[in-house]
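> Here's a sequence, model it:
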Amino acid sequence: MQPQPTVIEGTTHHGKPCRVVDNTGEIDAQELRVVLEALIAERRFGLGGLSAAGGNTITIGEPVLSHAQFGDKLYRLLLFPYELRIESF
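Here you go, the predicted structure:
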């Protein structure tokens, strides 16, 4: 049985809806709220262009991949223009 994802919603500085989706359902909602507020404060949501591996081609809207630890467990983070998805690593 798949766990129910936890979704925390907010609004960017430009008034666009944004959210954090914990697809594992394991992370405390208050911790997710802190992450969402930090991403909003750092203006990390919105369209951006990335050049994968330093290439000459820029792709707009590609997710930024990262990892983070909550408690004793490591999670995969995928930051899309207006959504952060958290998945098991």
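> Can you list the low-confidence ranges for the chain?
In the predicted model, the chain carries pLDDT under 70 at residues 1-2, 48-61.
> what about 90?
Regions of the chain meeting the criterion pLDDT under 90 cover residues 1-3, 46-65, 89.
> for this structure, what spans make up the helices?
Along the chain, counting by DSSP state H, helices occupy 29-41.
> Tell me which stretches of it form strands.
6-11, 17-22, 49-51, 58-60, 64-70, 73-80, 83-88 (DSSP state E).
> any idea which of those is most buried?
Ranked by mean neighbour count, those are led by strand 17-22 with a mean of 19 (mean count of other C-beta atoms under 10 Å). The way it works is simple: take the backbone N, C-alpha and C, and place the C-beta from them, glycine included.
> from the middle of its chain, how far away would that strand be?
Its chain's average C-alpha position is 7 Å from that of strand 17-22, according to C-alpha atoms, centre = their mean, to the nearest Å.
> Identify all contacting residues around that strand.
5-12, 32, 35-36, 39-40, 45, 82-86 (C-beta atoms under 8 Å, 6 or more residues apart in numbering).
> same thing with stretch 64-84?
For stretch 64-84, using C-beta under 8 Å, 6+ apart, the contacting residues are 12, 16-21, 24, 26-28, 31, 35-36, 39, 44-48, 50, 61, 63, 85-89.
> how long is that stretch end to end?
For stretch 64-84, the first-to-last residue distance is 9 Å (C-alpha to C-alpha, to the nearest Å).
> my read: Lys16 touches Gly46, true?
Yes - taking contacts as C-beta atoms under 8 Å, Lys16 lies within contact range of Gly46: 7.3 Å.
> now Leu39: how far from Val20?
Distance from Leu39 to Val20, counting by C-beta to C-beta, to the nearest Å: 8 Å.
> let me redo that: Ile86
Taking C-beta to C-beta, one finds Ile86 at 7 Å from Val20.
> same question, Thr6
According to C-beta to C-beta, Thr6 and Val20 sit 8 Å apart.
> Now list whatever residues contact both of these two.
By C-beta under 8 Å, 6+ apart, the residues touching both Thr6 and Val20 are Leu32.
> circling back to that earlier point, pull up the overlap in contacts between Ile86 and Val20.
By C-beta under 8 Å, 6+ apart, Ile86 and Val20 have these common neighbours: Leu32.
> Since that was my last question, I'll sign off now.
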